[in-house]
Every structure is written in C-alpha cells, then in structure tokens.
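K.L.:
kindly return the folded structure for what I paste below:
(2 chains)
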Amino acid sequence: MPQKPSIPKGTRDFSPSEIAKRNHILAVIKRQFELFGFMPIETPSFENSETLLGKYGDEGDRLIFKILNSGDFISKVDDVTYSSKNSTSLAPRISDKALRYDLTVPFARYVVMHQNEIDFPFKRYQIQPVWRADRPQKGRYREFYQCDADVVGANAIVQEVEFIQLYDAVFTELGLAGTTIKINNRKILSGIAEVIGAKHLLVDFTVALDKLDKIGEEKVKMEMLEKGMSATAVERAGPLFSLQGDNFEKLDTLQTFLSGSEIGREGVAELRSILDVLKELQLDSCSLEIDVTLARGLNYYTGAIFEVAAPQQVQMGSIGGGGRYDDLTGIFGLNDVSGVGISFGLDRIYLVLDELDLFPKAIAKSLDVLCLNFGEQEAIAALHLVSKLRNSGVRADLYPSSAKVPKQFKYADKREVPYVILLGANELAERNFVVKDMHTGEQKLYSLDNPEPFIQELQS
RNA sequence: GUGGUUGUAGCUCAGCUGGUUAGAGCGCCUGAUUGUGGUUCAGGAGGUCGCCGGUUCGAACCCGGUCUUCCACCCCA
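P.N.:
Residues are numbered from 1 along each chain as shown, chains lettered A, B, ... in the order given. Now for the predicted structure:
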C-alpha cells in the first residue's frame, strides 16, 4: 500500500512562483547588505550541542532540535540514566549535535574560531535557515530563514545608525511603506529597574513590560506583582506606561526619570546620539520610535535593542530584530569584542508583501519567448533559433512535442510568456518566423537568418 | 510544553436532529476550432469525507486516540 506523503509540521515546500518571490526579497536584502559593506559567510546547519545549549535560556534549550547520535548509541548509556526516564539527563548521552537555533551564536563561534584570519571590524552577513521545535502558528514555522548582518570588533554609535539605515534601505526598496523600527536600550531597562528598586528582578520586570501593548497596563502590573515586585516598585514604574510625545520628548522624560541611575543615564545618552545623527540623515519609508517596553533578546543584548513591526494593517509579529551585545564571544573565550547586528525574517516579510500585494508583477514571468512545435523538421529549425535567443540572454524555450496548437498556446498563456514564436512549414520554407505578442495579439514577421531585429526589440 | 480550533474533489467551500447513489463554483480533460491563448457553448474525469479504532441495523455527521491547520499562552523571525 503506498504511503500518503507528508512533511513535518511547521515546514513547507516552495513552488516556483513562491521561490521567485522569495528570491526577489533575498536579492534586495543581499544587495543592500553588500552596499553597506557586509561580506557573506555560512556556517553548518548543525553545531555541537554545547555550542548552542545554554545560550538562549531554558526556554531556548527546549526549542532546540537535538540530533540523535549515530550507531548503537543507546547501549552506551549507563543503566541508571537509561532507567531514570528523565529526558534532561538522557538527552546529552544520546545526542551531541543540534540544529542551529539562530545565526548569532554560530557567528560568535565563527568569530572566535577564525579570530586570527579576520580583519576587525568585521562586517558579515549570513542568510540561512534556522530551526526551532516550536508549535507552529501563522508566520511561525519550525524551519525558517534569517538574514543577519552583524559587525564585530568596534564600538561606536554610528553602527547603530547604519543598521537603522539598512533596515530603511531594504524596506524602501521592497516598497514596504509603514514599517516601524522600534528602538530601546538595555541600559535604560537596567536603569529603570534600578530606579524603581527592582534591580534583582530585571528579567521578570522587562518580560512583563514587553507585553504592554498586548495585554494592557493592568495585566502587566499584575504580572509584575506576581513575579515578586513590590507594590511601591510597580507604582514607581507608572510613568513608563504612558510615555507621551515624540522621540525627543520621550528621551527628556526618561532622562529625568533615570537621573538617579548611572547606567540609565548612559542608555539615554546613547539613544539620544543615535537620534541626533538620524535627525540629519532622514529615513525614507520607516519610522523610528522609542519603545521602552521593547525587551527582546534580553539574553545577550547589552545596549541598543531593535525590533521592526510590520505596517499596522497587517496582522504579523515582528519582521526583524537585533541589537548590541558586548560580550557574545566571551562565552567562547574571546573577550572584549563588541558586536551589533540585525536580522530580517524572510518568511514573515514574504507574508506581509504577499498580503499587501507588493510583489512586482514581472517576477511570475519565467520565460521571455516560447517557440511552438509544429513537427520534427520545424522543431530543429526552432532549436537553432532558440539557441540564438538564449545566447543573447533571452529566456527562450521550445515546446517539447508537436501537440495541438491551442494546447501549446494555452501553455504559453499559463506561464505568462509575453511572446510566442510560430515556426511552421510555411515559415520554414520562406526562412522566416512569426512572433505573436500575447498581450496585444499583434503578429510580426522576422527573418530566420537574421533574428537580430527581434532580439533588439525584446531588449529595448 | 499547556489550553482550544480545524480537516469533505487540484482550489474555495455547501452537506438538515445519524438514513439510499456526498454536492456547487473555480480549475482540469475532450469537442465546437487538425496554424492561434485569454471569451463563449456542449460533454467528461476526479472524493476509502485527514488517519486508526469504537458506538449503531446504519457514521462525513456521535465518542476516543492520532496527525495536520489556525488561535491563545510560553517564547519568538
């Protein structure tokens, strides 16, 4: 009995039209990465478990796909561990490799391993799939692509500015208006926690604060209290829930609020200089917004934090994120290397562009010219012509069999081929061919021995 | 990982409190049209109703399990 084929949940097949659209996004991202001076690298799809585990928190560890060892791995497990039926203790005995969870940690590993060949500051980009053992939802897959650009080995605010410009350049070229780059600073979050007297609960505090726009002020406050923050602390955090005004007004409010915290003042100053520079260099299609509730990637970010929200009319999580991490390579033994980077979520950008119908119409087109097939002799002549076209950079194809003409035309129509060539017995005898413009229906005659005029017309 | 939701033709979906042979639109194939597509007309093919089991004289419909989809949490691109 034949088995019904299926693919694992959270994974997808990509058909030609989808690949065309994905490639369009990728081409824009790559082009901009390179215009900004980033160089590509790739790393293996799986790493040693110890490289990945413990880098993303407990929650992250749970979401890492672990790869079973090869061979008779189970016989090497001691009886106690085996019979304990405890996944946490058994896993390391039967699995020592895991699929990569993001591109940042493998990059840190790469930097440490190749530190002697790298010229710092090192600007790298990396576009590869990552895997998460998550429960899928819309725009959330178990296999998806990240497009990362990072720079390591320098510590200057202009880098943050550049990344914001990079986001803007990509979304502008994609024609995606209305994205919002949210920006925050980990030092501001630390400062706030310090000022309100919840320094020891920084993570719980920020995780709760991050949910503000989703669950509202009351529930955020409840969660903070549940996590053990004092009522006074929650009360003191009050002003954060209603930051008013434009970015500079928010900065002023924060500056006052954080005047008693050195690290907080530092964060405000960093944010201010980023905004000062960007006031000079306008953004094209993105708006930049300070959002103190933004707390993503707290695990390794130490300075700026970025997140890109899709245009409001689209129901979609963030389509990009990033930030500065001062000591990511430290865990692999290379200290004092500051890094900052951003990531584009290819799959979500695709969904957004698709929903807003922003893909160029032309990308569905995979052929410029289709030559119809009228029989053996005609097909041989057609192949000569098709070769000439191909050599001139025209995407051309010959219909493989001499099927009925309406069928061949329908095929051309389906594939949205703009020009169809008819080269039948009559044309062959007179050494010419007919070109039909599928849009206008207009037909023109060209010489088989001199197709140049046709090629010229195609390329004009 | 927790709770919920969804699954019927290639696609979008009907299908009454369980009752003969499960339907529509679109798409596909054939013909009108053996050298002209997108329009029209006529005909046709295509479904073990996600899968496994149970209840019943009888299940697309009820029950259990499982997979899948989407949603909320967790977390995140």
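K.L.:
other residues contacting the lowest-mean-pLDDT helix or strand in chain A?
P.N.:
Within chain A, no helix or strand scores below helix A:79-84, which has a mean of 80 by mean pLDDT, DSSP states H and E. Contacts of helix A:79-84 with the rest of the structure, by C-beta atoms under 8 Å, 6 or more residues apart in numbering, involve A:74, A:89, A:90, A:93. Just so you know, the C-beta spots here come from the backbone N, C-alpha and C atoms, and that holds for glycine as well.
K.L.:
got these as CSV, with distance to residue A:224 columns?
P.N.:
Below are the contacts of helix A:79-84 laid out as CSV (distance: C-beta to C-beta, whole Å):
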residue, distance to residue A:224
A:74, 46
A:89, 34
A:90, 37
A:93, 40
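K.L.:
determine which two of the residues you listed are furthest apart.
P.N.:
A:74 and A:89 (14.2 Å; C-beta to C-beta).
K.L.:
buried subset of the contacts of helix A:79-84 as a PyMOL selection?
P.N.:
Here is the PyMOL command that picks out the buried ones among these, judged by 16 or more other C-beta atoms under 10 Å:
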select buried, chain A and resi 90
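K.L.:
could you find the closest non-adjacent residue to the residue of chain A found nearest RNA strand B?
P.N.:
Closest to RNA strand B within chain A is residue A:424: 2.4 Å, counting by C-beta to the nearest atom of the strand. Spatial nearest neighbour of residue A:424, chain neighbours left out: residue A:374 (4.2 Å); criterion: C-beta to C-beta, 6 or more residues apart in numbering.
K.L.:
so the one you found: helix, strand or coil?
P.N.:
Recorded secondary structure, residue A:374: coil (DSSP: H, G, I helix; E, B strand; the rest coil).
K.L.:
that one and residue A:432: what is the separation?
P.N.:
For residue A:374, the distance to residue A:432 (C-beta to C-beta, to the nearest Å) stands at 14 Å.
K.L.:
out of these two, which sits in the busier spot?
P.N.:
More crowded of residue A:374 and residue A:432, by other C-beta atoms under 10 Å: residue A:374, with 21 against 16.
K.L.:
got the contact list for that one?
P.N.:
Counted by C-beta under 8 Å, 6+ apart, residue A:374 has contacts A:402, A:422, A:423, A:424, A:425.
K.L.:
do residue A:195 as well
P.N.:
The neighbourhood of residue A:195, defined by C-beta under 8 Å, 6+ apart, consists of A:236, A:257, A:258, A:260, A:261, A:264.
K.L.:
from those residues, which shows the smallest pLDDT?
P.N.:
In terms of pLDDT, residue A:236 ranks lowest among the contacts of residue A:195, with 89.
K.L.:
that one reaches residue A:193, doesn't it?
P.N.:
No - if you go by C-beta atoms under 8 Å, residue A:236 and residue A:193 don't touch, sitting 10.5 Å apart.
K.L.:
SS state for residue A:436?
P.N.:
Relying on three-state DSSP, one would call residue A:436 strand.
K.L.:
burial check on it, number of neighbours?
P.N.:
Residue A:436: 19 surrounding residues under other C-beta under 10 Å.
K.L.:
these two touch, right, it and residue A:442?
P.N.:
Yes - the pair residue A:436 / residue A:442 is scored as a contact, 7.3 Å apart, by C-beta under 8 Å.
K.L.:
pull the residues that contact whatever helix or strand residue A:370 lives in.
P.N.:
Residue A:370 belongs to strand A:369-371 when elements are defined using DSSP states H and E. Here strand A:369-371 makes contact (C-beta under 8 Å, 6+ apart) with A:382, A:385-386, A:389, A:394-399, A:408, A:411-412, A:415, A:417-421, A:423, A:458.
K.L.:
quick check: buried residues in the host helix or strand of residue A:268?
P.N.:
Per DSSP H and E, residue A:268 falls inside helix A:262-280. The neighbour-count check on helix A:262-280 (16+ other C-beta under 10 Å) flags A:263-268, A:270-272, A:274-275, A:277-278 as buried.
K.L.:
can you give the strand pairings for the helix or strand that comes right after that helix, parallel or anti for each?
P.N.:
Along the chain past helix A:262-280, the next helix or strand (assigned with DSSP H and E) turns out to be strand A:287-290. Strand A:287-290 pairs in its sheet with strand A:180-185 (parallel), by DSSP bridges.
K.L.:
so is the partner strand next to RNA strand B?
P.N.:
No - for strand A:180-185, no contact with RNA strand B is found by C-beta under 7 Å from any atom of the strand; the gap never falls below 11.1 Å.
K.L.:
that strand vs helix A:262-280, what angle?
P.N.:
Interaxial angle of strand A:180-185 relative to helix A:262-280 (axes from the mean of the first three to the mean of the last three C-alpha atoms, to 10 degrees): 150 degrees.
K.L.:
so what touches strand A:180-185?
P.N.:
Outside strand A:180-185, the residues that touch it by C-beta under 8 Å, 6+ apart are A:164, A:167-168, A:267-268, A:270-271, A:274, A:286-295, A:303-309.
K.L.:
one more: stretch A:353-366?
P.N.:
A:16-17, A:20-21, A:23-25, A:174-176, A:311, A:313-314, A:395, A:415-418.
K.L.:
the stretch 201-350 of chain A: strands as residue ranges?
P.N.:
Applying DSSP state E, counting those that start in this stretch to the stretch 201-350 of chain A gives strands spanning A:287-290, A:304-309, A:320-325, A:339-345.
K.L.:
now the angle from the third one to strand A:304-309?
P.N.:
By that I understand strand A:320-325. Going by the same axes, to 10 degrees, strand A:320-325 makes 180 degrees with strand A:304-309.
K.L.:
okay, the contacts of helix A:79-84 in TSV with distance to RNA strand B, pLDDT and secondary structure next?
P.N.:
What follows is these, written out as TSV (distance: C-beta to the nearest atom of the strand, whole Å; pLDDT from 0 to 100; DSSP: H, G, I helix; E, B strand; the rest coil):
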residue	distance to RNA strand B	pLDDT	secondary structure
A:74	20	81	helix
A:89	17	79	helix
A:90	14	81	helix
A:93	19	85	helix
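K.L.:
which one among the contacts of helix A:79-84 gets closest to residue A:327?
P.N.:
Using C-beta to C-beta, those come closest to residue A:327 at residue A:89, 30.0 Å.
K.L.:
which residues touch the closest one?
P.N.:
Taking C-beta under 8 Å, 6+ apart, we find residue A:89 in contact with residue A:81.
K.L.:
tabulate the strands of the stretch 201-350 of chain A (TSV), appending distance to residue A:200 and mean pLDDT.
P.N.:
Listed next are those as TSV, based on distance: least, C-beta to C-beta, whole Å; pLDDT from 0 to 100:
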stretch	distance to residue A:200	mean pLDDT
strand A:287-290	26	93
strand A:304-309	21	94
strand A:320-325	22	92
strand A:339-345	27	94
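K.L.:
got JSON lines for those, with mean neighbour count and distance to RNA strand B too?
P.N.:
Output for these, formatted as JSON lines (neighbours: other C-beta atoms under 10 Å; distance: least, C-beta to the nearest atom of the strand, whole Å):
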{"stretch": "strand A:287-290", "mean neighbour count": "18", "distance to RNA strand B": "16"}
{"stretch": "strand A:304-309", "mean neighbour count": "25", "distance to RNA strand B": "7"}
{"stretch": "strand A:320-325", "mean neighbour count": "26", "distance to RNA strand B": "4"}
{"stretch": "strand A:339-345", "mean neighbour count": "26", "distance to RNA strand B": "3"}
